[in-house]
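Novice: structure for this input, please:
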Amino acid sequence: TRSNNLSEHMGGQLCFSSGIREEIYQDAKAWLSGQSAKSRNMCYNSSYEEGVRAERADPAEIHLTGGTMMKKVFALLLVLSMVFALCACGKDTAPETTAAAPKTETEAAPATEAAPAEKAPEDYTGKLVVYSPHDADPLNAGVAQFEAKYPNIDVEVIAAGTGELCQRIVAEAANPQGDVLWGGGADTLAAYNDYFQPYVCANDEFIGDAYKDADGYWIGESPLPMVFIYNKTMLDEADVPTTWEGLCNENLKGKIAYCSPSKSGSAYTQLCTMLFSQPTIEEGWDLVGKFIANLDGKLQDSSGNCHKLVASGEYALGVTIEKSAVLYADNPDIGFVYPEQNSAVPDGVALIKDCPNEENAKLFIDFVTSAECQTAQNADWARRPVRSDIAPKGLCSLDECHVGNYDFSYAASHRDEIKEQFNDLVAG
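Specialist: Now for the predicted structure:
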């Protein structure tokens, strides 16, 4: 049926579908031929069968004066005009379609997989093998703290000197047995980058660029200023050297505890610090030659001995690292000084390449660089935090450690050469 509802008229025009237009045309044609409304199936009222179409309101039903033929001609023209208008309306009107429901936010963009739920600490399982040159107490405390947080990870610790552990990593490269190296001077670790796997830890934003490898092969976890530790019962404080040159004083001959750089990463850093303390590398080697002569043929196999043997009274003075010396803060017989032209190369932590327990190794690296572990290591073992958001407690600022220029790149790239030259000087 046709609509007489004015609300359906659009744009000031009577707009109909093509089917309705055809119906109007056929209806007008039939009317002009004289058919009644009833015969044309229109709405029919018997009271007006003859000439009255009350229900249709066709425009052709206008009563004009004049003859029947004139009325029909006029009506025909009017009907044709109406049909043309309706056709034009049909062209201008968009096809009848069902409007699509607006897309929801979810439908507007391709669906993405939901991020996996973060594991709870107890959900981490398996094994973790940690290689470390750290002193036993802070090492065991750090591992115990990790195990308390991740109770279902079984941690095995292999303790040895940095040099020995790095050589072990090289020997095991085809079938790695360890997962992470925790400790050792970063300049030593940098010489073994080929055996480590890059990793940016979860705490990267809190670690300065000077304390991490640019490519992620190692991450500093504790800056290590060097110190001269001494036994006050064996050496007057006035005779304690405050420079690297002072280690060559004759009164100290045979009384200095120093570890072989081939055995210890911290000893290697101390050797390089000595070289860099002089205007040129050649002058640095001249100083090292005099220092070796003053050792009187005595070299330690472990850097840990350098502070322990001073505390026991076997040596008057030792070259060691800050974190070892501060352990004797309550011992009135032990003191230490920061030498001029010092260094503060950090202890590092590194992910062993192709390690068997990679997920747990990364978890451990995140843990030892976390505020939780760094705060505990500082408070309990006087280790200096690497994080910029934690101020060290019980330690002086790095500005007071007399840190000089340390050529990190040279120390890493000339490592084998430097160790070999040192050993040649020792052998004479």
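
Novice: using the three-state scheme, assign residue 344.
Specialist: Here residue 344 is coil, with the state taken from DSSP: H, G, I helix; E, B strand; the rest coil.

Novice: that one and residue 396 touch, don't they?
Specialist: No: between residue 344 and residue 396 there is no contact under C-beta atoms under 8 Å: 11.5 Å. All C-beta spots, glycine's among them, are computed from the backbone N, C-alpha and C.

Novice: of these two, who's got more company?
Specialist: residue 344 (24 against 12; other C-beta atoms under 10 Å).

Novice: any idea how many residues pack against residue 209?
Specialist: Residues near residue 209, counting by other C-beta under 10 Å: 7.

Novice: check contacts around residue 134.
Specialist: The neighbours of residue 134, taking C-beta atoms under 8 Å, 6 or more residues apart in numbering as the test, are 142, 159, 182-183, 347.

Novice: swap the cut-off to 10 Å and go again
Specialist: By C-beta atoms under 10 Å, 6 or more residues apart in numbering, the contact set of residue 134 is 140-143, 157, 159, 162, 182-184, 222, 304, 323, 347, 377, 381, 383.

Novice: cool, residue 126 as well?
Specialist: 152-154, 356-357, 359-360.

Novice: make a ChimeraX selection of the buried ones in the contacts of residue 134.
Specialist: Burial among the contacts of residue 134 is assessed by 16 or more other C-beta atoms under 10 Å; the matching ChimeraX selection reads:
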select :141,142,143,157,159,162,182,183,184,222,304,323,347,377,381,383
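
Novice: which sections of the chain are below the confidence cut-off?
Specialist: 1-117 (pLDDT under 70).

Novice: so which residues of it form helices?
Specialist: 18-32, 68-92, 105-108, 136-149, 162-171, 186-190, 265-276, 281-295, 305-311, 322-325, 358-368, 371-381, 408-413, 415-427 (DSSP state H).

Novice: one step back: adding neighbour count and distance to residue 199, write the contacts of residue 126 out as CSV.
Specialist: Output for these, formatted as CSV (neighbours: other C-beta atoms under 10 Å; distance: C-beta to C-beta, whole Å):
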residue, neighbour count, distance to residue 199
152, 11, 22
153, 20, 18
154, 14, 22
356, 16, 16
357, 20, 14
359, 15, 11
360, 24, 13
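
Novice: JSON lines for the helices of the chain, including distance to residue 339?
Specialist: Below are the helices of the chain laid out as JSON lines (distance: least, C-beta to C-beta, whole Å):
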{"stretch": "helix 18-32", "distance to residue 339": "100"}
{"stretch": "helix 68-92", "distance to residue 339": "94"}
{"stretch": "helix 105-108", "distance to residue 339": "64"}
{"stretch": "helix 136-149", "distance to residue 339": "23"}
{"stretch": "helix 162-171", "distance to residue 339": "21"}
{"stretch": "helix 186-190", "distance to residue 339": "18"}
{"stretch": "helix 265-276", "distance to residue 339": "8"}
{"stretch": "helix 281-295", "distance to residue 339": "12"}
{"stretch": "helix 305-311", "distance to residue 339": "14"}
{"stretch": "helix 322-325", "distance to residue 339": "11"}
{"stretch": "helix 358-368", "distance to residue 339": "28"}
{"stretch": "helix 371-381", "distance to residue 339": "23"}
{"stretch": "helix 408-413", "distance to residue 339": "17"}
{"stretch": "helix 415-427", "distance to residue 339": "19"}
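
Novice: residue 233: which of the ones you listed is closest?
Specialist: Ranking the helices of the chain by proximity to residue 233 (C-beta to C-beta) places helix 305-311 first, at 10.5 Å.

Novice: which outside residues touch that closest one?
Specialist: Here helix 305-311 makes contact (C-beta under 10 Å, 6+ apart) with 135, 227-231, 234-235, 255-259, 264, 266-267, 270, 300, 302, 312, 314-321, 323-325, 327-328, 331, 333-336.

Novice: try it again at 6 Å.
Specialist: With C-beta atoms under 6 Å, 6 or more residues apart in numbering as the test, helix 305-311 has contacts from 229, 231, 257, 259, 300, 315, 318, 320, 324, 334.

Novice: contact partners for residue 182?
Specialist: With C-beta under 6 Å, 6+ apart, residue 182 has these contacts: 130, 132, 349.

Novice: how about a cut-off of 8 Å?
Specialist: Taking C-beta under 8 Å, 6+ apart as the test, what residue 182 contacts is 130-132, 134, 139, 142, 221, 349, 364, 368.

Novice: and the closest residue to it other than its chain neighbours, how many neighbours?
Specialist: Using C-beta to C-beta, 6 or more residues apart in numbering and skipping residues adjacent in sequence, the residue nearest residue 182 is residue 132, 4.5 Å away. Neighbour count of residue 132, defined by other C-beta under 10 Å: 25.
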